[in-house]
Every structure is written in C-alpha cells, then in structure tokens.
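# the amino acid sequence is not available; the structure is as follows:
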C-alpha cells in the first residue's frame, strides 16, 4: 500500500511541468515520509521519474542518498547538487555499483574522471567509457585503453566513441573487419613512409614448435610461445591465437617474421571457421605476406601491451643476412626461441 501510494503521488507530480510552491512542499512531506518506510529497491524504482523533473525538491535526493542501496545510486547519478566531496569519495572508494552510477553522471570533473579510470572494476570502466558527456583526457584514455586489452566489451565501447583521440591499434581485437582493414592500412602507410623496410625472419626452431602446437590444437602451448616471443601476458597472447577472424594471428606471424608457407600450415590447423574456409586461409596468408613487418609489430605490440622500443623488438628476431665469417666475428644473431637464451661459450 505504501509503495502504491508513493507511486501515485510521484505520477501526479511528474505529470505537470510546474507546480505552485504549496503543492511542492506538500508533495515533499508526503514523499519523504513514504521513502522512509518502503524498501530501498522499491523506492528507487518508483522515484526514478523525479530525477528528470525540474522542480523535484533537493531534499528528495538527500533522503535517497541517506537511504543507501539503489536509492543512493540514483541520487549519485542524478542529484543536481551532489557535494563534490561525496562525488570524489564515491569515485575513489565507493562500492562498484555506486561508482558505476557516478560514472554515468553528465557533469563529472577531471579529478573524478581520473579516479574512476584508475579503478579495476570492468563495470565501472565500461560505464565511464560509455558516458559521452564527459571529456576523457590523455591520462583517462591511457588507463581505459590499457584495461581494454583484457576487456573486449570495453574496447568495443571505446571504438564506438568518435569524440576522443584513442589509438585504435590497441583495440584491434575488438574491431570489426572493416575497422581492422583501416587500422592495418594506416599502420602500413606509416611504416612505408618511414623508409625502414628491413625484413627479419623468425628462428626455425621457434617456427617448428609453434607449428607443432597448432597441429595438436594446443592453444595453451601456442599462447605460451607467442607470449614469450612478443613479451606480453599469456592471456593476451591466447586472445591473439584464438581470434575468430584470424587477422590478429596473421599479424603476429608477420611481426615475428614467419615464412608464408609455415603460416599456411598454422592456419590449416586453426579453428574450423578459418581452416574450413579456403578463401579465408588465402586471405590471411596474403596478409602475412603483404604486411610490412614494422606495421605488423606496431599493431600487435599495441594490442598485446608489448610496448617495446624497436631495438628491444629486434633482439628477438634473426636477421635475414649472411653473417660474415672470419676469426674476428664474435657477434651472435638474435633469435626468437622458446628456449632460454644462453650465453655463447667464447673461451676458444
């Protein structure tokens, strides 16, 4: 009965855009009394229309905030006079549900946005990324992009934003096929304009080990090998190896200097959606063959978080050069291998 009465007076109040002061005060007394005696979930559901009415008394939001639970979340999201101290407290230390409600506010300041972006709860970060009313500065974008490497839903939300300068390479795994094409073309354009077109080849032992793991359909072994070669987390390497479209794996192979013939054998052992589609396998092999190694490394490094300098990346690749002979030659060619690198014995 109390819930029905609260719903009735709220409905009557929101029907009219303006009210006499006496009616507002009468509604305020009735609503506050009923909010106190009904449960928080029902109170939040019934009073939600008041959040969009210009003449809703501020005491209603104060009482909702004090009641806690779903009522507090409603007040944190919609209260027009939420104290800044409470806003920052909710952003920094509030429960995830309260932080989510705060992340949906339209008037968040820079400090609140940065505090929310530093939280580890996926639902909070998704709510913040989906709030197009707030400005994401460089620090917030960096934090969200880093989290998006492990959260494809968040990555998709960031890709859908067209109002902030987010590097799409880091969100490659969540991109559509058309978006992936644009990312690859832009990376190739930058790589070719740099004038550095040197190609490096992966170590033969490493290629054989990855082929064998693919033939066994051992995703865990493939992820471990790719994580070691790319110097990234194993979970992210597994996402690359399990990419449904196959483009991420193709770029990883191109970045590591795989031979196209070896890439064919790996794709033929991939998921049935790829291995049973001859045209798809051909397209992926063409991607391995045609993508400049520098461009492929830029995309994969961004997508996996292996943000290394080019020099660090090159030390795991073997150069496709004929090494000079002679007694004075002591430098060993770097290589990619699943085995730990051992110092060469030069006692002779």
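The structure has been received and is ready for your questions. If you're wondering where the values come from, they're calculated on a predicted model, not measured in any experiment.
# just the strands in the stretch 101-250 of the chain please.
All strands of the stretch 101-250 of the chain, identified by DSSP state E, counting those that start in this stretch, fall at 200-201.
# any regions of the stretch 51-200 of the chain where pLDDT drops low?
Under the criterion pLDDT under 70, the flagged ranges of the stretch 51-200 of the chain are 163-164, 195-198.
# ditto for the stretch 201-348 of the chain
The model of the stretch 201-348 of the chain has pLDDT under 70 over residues 307-348.
# where do the helices sit along it?
204-215, 219-230, 234-241, 247-255, 260-268, 272-275, 278-290, 293-304, 310-314 (DSSP state H, counting those that start in this stretch).
# including distance to residue 67 and mean neighbour count, could the ones you listed go into CSV?
The C-beta positions use only the backbone N, C-alpha and C, and glycine is treated the same way. Rendered in CSV, the data for these read as follows (distance: least, Cβ to Cβ, whole Å; neighbours: other Cβ atoms under 10 Å):
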stretch, distance to residue 67, mean neighbour count
helix 204-215, 56, 18
helix 219-230, 48, 20
helix 234-241, 40, 20
helix 247-255, 48, 26
helix 260-268, 58, 18
helix 272-275, 51, 14
helix 278-290, 56, 16
helix 293-304, 45, 24
helix 310-314, 55, 14
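# please convert those helices to CSV, extending it with distance to residue 42.
Listed next are the helices of the stretch 201-348 of the chain as CSV, based on distance: least, Cβ to Cβ, whole Å:
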stretch, distance to residue 42
helix 204-215, 56
helix 219-230, 48
helix 234-241, 41
helix 247-255, 47
helix 260-268, 56
helix 272-275, 47
helix 278-290, 53
helix 293-304, 45
helix 310-314, 58
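# show me the residue at the heart of this protein, geometrically.
Residue closest to the mean C-alpha point of the chain, counted by Cα atoms, centre = their mean, is residue 148 at 1.1 Å.
# any idea how far that residue is from residue 31?
42 Å (Cβ to Cβ, to the nearest Å).
# what residues sit buried inside stretch 95-102?
Neighbour-count burial for stretch 95-102, counted by 16 or more other Cβ atoms under 10 Å, picks out 97-102.
# surely residue 280 touches residue 249?
No - the pair residue 280 and residue 249 does not pass the contact test of Cβ atoms under 8 Å, sitting 11.9 Å apart.
# so who does the residue nearest to the centre of the chain touch?
Counting by Cβ atoms under 8 Å, 6 or more residues apart in numbering, residue 148 makes contact with 154-155, 158, 170-171, 174.
# just those: which are in helices?
154-155, 158 (DSSP state H).
# would you list the buried residues of stretch 95-102 in a markdown table and tack on distance to residue 274?
Shown next, in a markdown table, are those (distance: Cβ to Cβ, whole Å):
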| residue | distance to residue 274 |
| --- | --- |
| 97 | 40 |
| 98 | 44 |
| 99 | 40 |
| 100 | 37 |
| 101 | 42 |
| 102 | 42 |
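# next step: the residues you listed restricted to helices.
97-102.
# among the residues you listed, which two are most distant?
Largest separation among these by Cβ to Cβ: 97 and 102, giving 9.9 Å.
# tell me how many other residues crowd residue 244.
11 (other Cβ atoms under 10 Å).
# in space, what's closest to it - neighbours in sequence excluded?
residue 273 (6.3 Å; Cβ to Cβ, 6 or more residues apart in numbering).
# how far away is that neighbour from residue 280?
8 Å.
# show me what contacts residue 145?
158, 166-167, 170-171.
# no no, residue 230
Per Cβ under 8 Å, 6+ apart, neighbours of residue 230: 237, 240, 252, 255-256, 300-301, 304, 306.
# hmm, 7 Å instead?
Neighbour list for residue 230: 237, 252, 300, 304, 306 [criterion: Cβ atoms under 7 Å, 6 or more residues apart in numbering].
# tell me who's in contact with the second one.
The one in question is residue 252. So residue 252 contacts 226, 230, 240, 300 (Cβ under 7 Å, 6+ apart).
# now do 10 Å
For residue 252, the contact set (Cβ atoms under 10 Å, 6 or more residues apart in numbering) comprises 210, 226, 229-230, 232, 237, 240-241, 243, 258, 288, 296-297, 299-300, 303-304.
# what do you get for residue 4?
Per Cβ under 10 Å, 6+ apart, neighbours of residue 4: 34, 46.
# helices or strands next to the one helix or strand residue 29 maps to in the packing?
Element membership for residue 29, per DSSP states H and E: helix 21-37. Where contact means 3 or more Cβ pairs under 10 Å, 6 or more residues apart in numbering; DSSP states H and E, helix 21-37 is packed against helix 2-15, helix 40-47, helix 58-67.
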